[in-house]
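In: I'd like to go over a predicted model; first the sequence, then the structure.
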Amino acid sequence: MAPPPEHDTERTTKRPIGRRSVLLGTAVLGAAGALGAAGCGRVPSGDTLARLKSQRTVRLGIAGEAPYGFINEQGDFTGEAVELAKVIFKRLGIGGVQPVATDFSSLIPGLNSQQFDVVSAGMYINKERCDQVIFADPEYQMLDSFIVRKGNPKGLNSYQDVVRAKAKIATGTGYAEIDYAISAGIPEKEIIILQDPVAGLNAVESGRVDVFAGTALTGREVVKKSRKAEATKPFAPLVDGKKKIDGGGFAFRPTDTGLRDAFNTEIHKMKKSGELFRILKPFGFTESEMTTLTAEELCA
């Protein structure tokens, strides 16, 4: 989901600062302090895995989005990416995982400027991103889904339907769905960019937009308690006439091949044993979303 220009005025609408916002801010400030402290210490350079073992902590960039990485009602960081990272990095000799929340569009720039050591936030593996970072093989595959008003009054089940109905569409900052909408013939200037799926749900419920486009998993989780909105059935977007099935995975700096390869080794073991699905299942993932796709295939 490479970031387009942020052109939607709704993102600047002022609203009360809630507990979630405060906690996210605290997490980012705490990470910045940790980064400064790490910079002063004597740690191995060059070999990132060795350095992280020495520091005993890995900084994980997330986007504050359920179910991938978020703060729960108890104020704790959790999500499939966070819990999976805890297991894998512990096996690599790194006992601490420090989640750092930021805007989705800031994840790859933050990774490459060393604000994080690794990134995972429901990030699809695609060619554009593969030109900037290297990916571990995906832990899941994913279709798209729309958040729409109850009953789906405009019959919006694909990006082509949005074009036909001249519906008002929104999606998230830097999401792959921006490109899918453009491929279907929706002008980029007409795509409203919102902060996250919760903002998308609010926009649909209030009638500001007709549809919010995102992953099928996010859509079905976000609408669970809504009385005004629902998620459409999952579908594969059409890109150049072909159905597109995406896979999401952890991203690393291009120089960190050793760290990525070690992470990949553990991912493959967990897929084979079924442990990966057991970790992801509590966050709404189904067996149909497990995958044998590789990063190489998705980067092609």
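Out: Perfect, I can see it now.
In: and the helix or strand hosting residue 111, what does it pack onto?
Out: Residue 111 belongs to helix 107-112 when assigned by DSSP states H and E. In terms of contacts (3 or more CB pairs under 8 Å, 6 or more residues apart in numbering; DSSP states H and E), helix 107-112 is packed against strand 57-62, strand 118-119, strand 251-252. For the C-beta atoms, the positions are set from N, CA and C on the backbone; glycine is no exception.
In: Distance to residue 294, mean neighbour count and mean pLDDT added to those strands, as JSON lines?
Out: Conversion of the helices and strands packed on helix 107-112 to JSON lines gives the following (distance: least, CB to CB, whole Å; neighbours: other CB atoms under 10 Å; pLDDT from 0 to 100):
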{"stretch": "strand 57-62", "distance to residue 294": "22", "mean neighbour count": "24", "mean pLDDT": "97"}
{"stretch": "strand 118-119", "distance to residue 294": "18", "mean neighbour count": "28", "mean pLDDT": "98"}
{"stretch": "strand 251-252", "distance to residue 294": "15", "mean neighbour count": "26", "mean pLDDT": "98"}
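In: of all those, which lies closest to residue 194?
Out: Closest approach to residue 194 among the helices and strands packed on helix 107-112 (CB to CB): strand 57-62, 18.0 Å.
In: and the helix or strand just after the closest one, how far out from the chain's middle?
Out: Per DSSP H and E, strand 57-62 leads on to strand 70-71 as the next helix or strand towards the C-terminus. Centroid separation for strand 70-71 versus its chain: 12 Å, with CA atoms, centre = their mean, to the nearest Å.
In: Then stretch 180-192?
Out: Mean-position distance between stretch 180-192 and its chain equals 20 Å (CA atoms, centre = their mean).
In: can you list contacts of that stretch?
Out: 4, 7-8, 10, 144, 158-160, 162-163, 168-171, 178, 203, 209, 213, 237-240, 244 (CB atoms under 8 Å, 6 or more residues apart in numbering).
In: make it 6 Å
Out: Residues from elsewhere that reach stretch 180-192 (CB atoms under 6 Å, 6 or more residues apart in numbering): 8, 159, 160, 163, 169, 170, 178, 209, 237, 239.
In: sorry, back to before: any chance of the helices and strands packed on helix 107-112 in CSV, plus distance to residue 293?
Out: Compiled in CSV, these are given as follows (distance: least, CB to CB, whole Å):
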stretch, distance to residue 293
strand 57-62, 22
strand 118-119, 19
strand 251-252, 15
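In: how about the strands of the stretch 101-250 of the chain, start to end?
Out: In the stretch 101-250 of the chain, the strands defined using DSSP state E, counting those that start in this stretch lie at 118-119, 134-135, 140-142, 144-149, 169-172, 192-194, 211-215, 229-231, 238-239, 242-243, 246-248.
In: Pipe these into JSON lines and attach distance to residue 298 per row.
Out: Putting the strands of the stretch 101-250 of the chain into JSON lines (distance: least, CB to CB, whole Å) gives the following:
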{"stretch": "strand 118-119", "distance to residue 298": "16"}
{"stretch": "strand 134-135", "distance to residue 298": "8"}
{"stretch": "strand 140-142", "distance to residue 298": "9"}
{"stretch": "strand 144-149", "distance to residue 298": "15"}
{"stretch": "strand 169-172", "distance to residue 298": "20"}
{"stretch": "strand 192-194", "distance to residue 298": "24"}
{"stretch": "strand 211-215", "distance to residue 298": "15"}
{"stretch": "strand 229-231", "distance to residue 298": "24"}
{"stretch": "strand 238-239", "distance to residue 298": "13"}
{"stretch": "strand 242-243", "distance to residue 298": "14"}
{"stretch": "strand 246-248", "distance to residue 298": "5"}
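In: Which one of those strands lies nearest to residue 272?
Out: Nearest of the strands of the stretch 101-250 of the chain to residue 272, taken as CB to CB: strand 140-142 at 15.5 Å.
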